[in-house]
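*Asks:* Give the three-dimensional model of this entry:
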Amino acid sequence: MINEKIIIASRNSTLARAQTELVISELAKIGFSNIKKVFLKSSGDKVSKTRFKKYGGKGLFTKEIDQLIIKNEAHIGIHSAKDIPGELDKKLSIGAYLKREDVRDVLITKKPYIKKLAHLLKNSTLGTFSPRRIAYVKLLRPDLKIIELRGNIETRIAKVYKEKIYAILLAKAGLNRLKKLKYKISFFSIPLSQILPAPGQGAIAVMYKKENLFIKGICRKINCTKTNISLSTERSLIKQINGDCFTPIAALAKVKNSSIMLKARLFSDDAKNFVDEKKIGSIKSANSLGKICANNLLKKLKTIE
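*Replies:* Okay, here's the model as predicted:
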């Protein structure tokens, strides 16, 4: 085993810790076992709902971790890819993505007979803080009362279990990574034909300082090429859109052989209108594919508003 110490920084949530362990497992496969873990609360975990909205959510879940890397107090940072803003600090780079998990959203209730959005009781409550999910729910079930709900996975599930909220929507990837949950709850995956995920959903990103060539080499060894291509396409889309955590956008890129297909939907801010775009191109053109898709979405939305 290689004795070089690697310091890993991540958020101090149950899910973030589970994701960190997945990265550590990948590092162990290539001979690195001398790992120091640093867990901390991000601004996104600490700020109020009002302040979170005021700052657009940009980097609030990632900035403290990124600062540790910039100051050389950590070698790598572990992020949920969907939390990373389109524009990175110039000193940083995403060195690797682990193999992507299930990208679908999950409907969670206490009622085992509810297996899709259509089964929810009329005018019942549904908790989410995601503009993308809110927009889809308004489109698919306009009768539902949407409750703005933040917090970690366990906190949100507890609201359903204690019947304070009838249902919630979460990312399936997070539930899969947690594996064990305190509450007995019903989970049903939402088809991608009905709700597309957030850009980056289901992927774990490994951030590092650009000048650290040693860590760059390590990242290359644990990087999933297909996930990297897909995420690069989705990230070029959100960067071109110039959105933030409150931009109601959904996107999914899939690699097949030497081609990549990108599907995306952009809602208006009031969620009353939406436009779709689908592009197929070579994996070599992943970055430009995302930009073209973004520009087309913006043009289409401007036309109908």
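
*Asks:* Please point out which parts of stretch 80-92 sit buried.
*Replies:* Using 16 or more other Cβ atoms under 10 Å as the test for burial, stretch 80-92 gives 80, 81, 82, 83, 84, 85, 86, 88, 89, 92. (Glycine included, C-beta is placed from N, CA and C.)

*Asks:* I meant to write stretch 143-154 there.
*Replies:* Neighbour-count burial for stretch 143-154 [16+ other Cβ under 10 Å]: 144, 147, 149, 150, 152, 153.

*Asks:* who are the neighbours in contact with the first one?
*Replies:* This points to residue 144. Listed by Cβ atoms under 8 Å, 6 or more residues apart in numbering, the contact partners of residue 144 are 120, 123, 124, 125, 126, 137.

*Asks:* Name the spans of the chain whose pLDDT lies under the cut-off.
*Replies:* 1, 42-60, 244-245, 305 (pLDDT under 70).

*Asks:* please redo it, this time with the cut-off set to 80
*Replies:* Scanning the chain for pLDDT under 80 picks out 1-3, 41-61, 179-183, 243-246, 305.

*Asks:* Sketch out the helices for it, chain order is fine.
*Replies:* Secondary structure of the chain, counting by DSSP state H: helices at 14-29, 43-46, 49-54, 63-70, 131-140, 153-161, 172-178, 213-222, 225-241, 286-304.

*Asks:* still on that earlier bit, report the buried members of the contacts of residue 144.
*Replies:* The buried subset of the contacts of residue 144 (16+ other Cβ under 10 Å) comprises 120, 125, 126, 137.

*Asks:* Please save the CA atoms from stretch 12-26 in CSV.
*Replies:* Extracted in CSV, the C-alpha atoms of stretch 12-26 (Å, rounded to 0.1, in the frame of the first residue of the first chain):
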residue,chain,number,x,y,z
ASN,A,12,-20.9,16.6,7.7
SER,A,13,-24.2,14.9,6.7
THR,A,14,-24.9,11.2,6.8
LEU,A,15,-25.1,11.2,3.0
ALA,A,16,-21.9,13.2,2.5
ARG,A,17,-20.1,10.8,4.8
ALA,A,18,-21.4,7.8,2.9
GLN,A,19,-20.3,9.4,-0.4
THR,A,20,-16.8,10.1,1.1
GLU,A,21,-16.5,6.4,2.1
LEU,A,22,-17.3,5.4,-1.6
VAL,A,23,-14.4,7.6,-2.7
ILE,A,24,-12.1,6.1,0.0
SER,A,25,-13.1,2.7,-1.3
GLU,A,26,-12.0,3.6,-4.8
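
*Asks:* and for that stretch, what are the contacting residues?
*Replies:* 8, 10, 35, 37, 39-41, 45, 76, 78, 80, 98, 152-154, 174, 177-179, 204, 206, 222.

*Asks:* ok, now with 6 Å
*Replies:* In this structure, residues lying in contact with stretch 12-26 by Cβ atoms under 6 Å, 6 or more residues apart in numbering are 10, 35, 39-41, 78, 152-153, 174, 177-178, 204, 222.

*Asks:* what about the nearest residue to residue 177 once chain neighbours are set aside, distance to residue 122?
*Replies:* Leaving aside its sequence neighbours, residue 177 sits nearest to residue 18 (Cβ to Cβ, 6 or more residues apart in numbering; 4.7 Å). Distance, residue 18 to residue 122, using Cβ to Cβ, to the nearest Å: 37 Å.

*Asks:* No further questions, thank you.
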